[in-house]
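Engineer: give me coordinates for this.
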Amino acid sequence: MLRIFFSSEDIARTRVASAADPVWELILSLHLLQGRTNDPLMSGWRRDVYRGLRRENAATQQRLLFALNPPRGYFPDFLTPVQSAQGFEAGLEAIRSTPARLLHRDLTVLATESALPSSASALARGESMVLEHLTDSMRQYRSVAIGPYWDRIEAAIEADRIRRARALLDGGAEGLLASLRPAVRWSAGVLEVLDYPDTRELHLGDRGLLLIPSFFCSRTPVALFDPELPPVLVYPVDRLGGLVPALGEGTGSAPAGGGREALAALLGRTRANVLEVVDAGCSTGEVARRLRISPAAASQHATVLRNAGLLVSQRDRNNVRHTLTPLGRAMLHQ
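Structural biologist: Modelled structure (predicted):
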């Protein structure tokens, strides 16, 4: 069990990341890809990723990357730098700039649990060519395993952020922390991650906690190993029906003709209005009330838009909440 201790200052400084973190998603997807899981929502993704890597003859180039990310247990902190919140390339640059002493420290810990290829020794010394090779392999892997699905990943993260925002509005920061159950338990200033792979404590020391919602985080939330690093807790979100690849280049472009009238002509005026109402996130009942249509009609329109990839739906207690996908938002705000 991981136990995270909060002061009143820590509670006040707890927040949720503003978007999906591209490097955390990549690293955690590697764990999920290699692990043993019967999750039917991810079986197609795993099959397609392995097929894509074989097609690109990437096995040799990816060997070090896969070895650094075993399916369970410890993985190096340097692979998920805080700079990745600024974008994928910013994260890769931070990885390439990791000091040799930190590389050596992280890889020494990893070597006690996992067999590493010979290139790991050069990586531990901070050799620039190996660091460049590592980030190149991350970029190649991302093009196969993450890029084609990024819109769906972002939609799931945004839906979760709306859920957490409501928990914060209803119950403050403590309500936000309590909303992470059942994977965690919040009580009297301590957040307990119940199924953590080892037993340790993390004292935040008035630094607060950054909660990072993650599509590929599997069941158990994840924290950094080094307690001196900025504290984060990466937690799993509802995968909203799994992953399907994007339809191709340009799927997020605005419809021809522009304007809300063109959108109404394309979708029908009521469905265009549903998209507009759902822009800020709302329930089926709220759609019905705001558009003055029956709940059954609101549900039917939402189903059509969801099947078209324009919104996602997530059950929140007794309600179903709808959120626009990036494609739906692009069509609405063209």
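
Engineer: show me where the chain dips below the pLDDT cut-off.
Structural biologist: 37-38, 41, 59, 240-242, 244-260, 333-334 (pLDDT under 70).

Engineer: so it: which segments form each domain?
Structural biologist: 22-150, 259-332 (automatic domain parsing).

Engineer: can you put those in TSV and add mean neighbour count and distance to L211?
Structural biologist: For glycine as for every other residue, the C-beta is placed from the backbone atoms N, C-alpha and C. TSV is the format used below for the domains of the chain (neighbours: other Cβ atoms under 10 Å; distance: least, Cβ to Cβ, whole Å):
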stretch	mean neighbour count	distance to L211
domain 22-150	17	12
domain 259-332	18	17
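
Engineer: between the ones you listed, which one is closest to A167.
Structural biologist: Nearest of the domains of the chain to A167, taken as Cβ to Cβ: domain 259-332 at 9.5 Å.

Engineer: from the middle of its chain, how far away would the closest one be?
Structural biologist: Centroid displacement of domain 259-332 relative to its chain, using Cα atoms, centre = their mean, to the nearest Å, is 23 Å.

Engineer: what does stretch 40-56 give?
Structural biologist: 19 Å.

Engineer: quick one on the thing from earlier: could you dump the domains of the chain to a markdown table with distance to S179?
Structural biologist: Converted to a markdown table, the domains of the chain look like this (distance: least, Cβ to Cβ, whole Å):
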| stretch | distance to S179 |
| --- | --- |
| domain 22-150 | 20 |
| domain 259-332 | 10 |
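
Engineer: out of these, the one nearest A12 is which?
Structural biologist: Short answer: domain 22-150, nearest of the domains of the chain by Cβ to Cβ, at 20.1 Å.

Engineer: quick check: R15 touching L211?
Structural biologist: Yes: if you go by Cβ atoms under 8 Å, R15 and L211 touch, sitting 7.0 Å apart.

Engineer: show me which of these two is the more surrounded one.
Structural biologist: Neighbours were tallied for R15 and for L211 using other Cβ atoms under 10 Å; the higher tally belongs to L211 (22 against 14).

Engineer: that'll do, ta.
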